[in-house]
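**Student:** Give me a 3D structure for the following:
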Amino acid sequence: MIQPLLDHACTRCHAGDRPPQWLRLDSYDHVLAGGVRRNEVTACDAGASLIVDKIGTSPSVGRRMPFDGPPYLTSAQIAAE
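**Tutor:** As a prediction, this is how the structure comes out:
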């Protein structure tokens, strides 16, 4: 259910050999591995996951993702993640 959302909104940048912040989102293992910060995804704790903050309307650090948005993920899509 989540991977299609990531594929649609995230993997055009966050895939391949040199993704931003070394964060690959093109497979479950890569998502859990995280990137430079290592807190991008915290298993079973969306509130502690940076990725949830970054796709929200007012991220606490940096720009809202996806970088080339809008369109951004909808509230319903964010709630699913």
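**Student:** can we go C-alpha only for contacts and neighbour counts from here?
**Tutor:** Noted.
**Student:** Relative to its centre, which residue of this structure is most distant?
**Tutor:** Among the C-alpha atoms of the chain, the one most distant from their mean position (C-alpha atoms, centre = their mean) is that of residue 17, at 17.0 Å.
**Student:** how near is that one to residue 45?
**Tutor:** Separation of residue 17 from residue 45 (C-alpha to C-alpha, to the nearest Å): 27 Å.
**Student:** For the protein, which segments count as helices?
**Tutor:** Ranges of helices in the chain, per DSSP state H, are 2-9, 28-33, 50-55, 75-80.
**Student:** In TSV: those, plus mean neighbour count and distance to residue 64.
**Tutor:** As requested, those are exported to TSV (neighbours: other C-alpha atoms under 10 Å; distance: least, C-alpha to C-alpha, whole Å):
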stretch	mean neighbour count	distance to residue 64
helix 2-9	15	12
helix 28-33	15	18
helix 50-55	20	5
helix 75-80	11	13
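**Student:** Format the ones you listed as JSON lines; extra columns: mean pLDDT.
**Tutor:** JSON lines is the format used below for the helices of the chain (pLDDT from 0 to 100):
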{"stretch": "helix 2-9", "mean pLDDT": "92"}
{"stretch": "helix 28-33", "mean pLDDT": "93"}
{"stretch": "helix 50-55", "mean pLDDT": "93"}
{"stretch": "helix 75-80", "mean pLDDT": "87"}
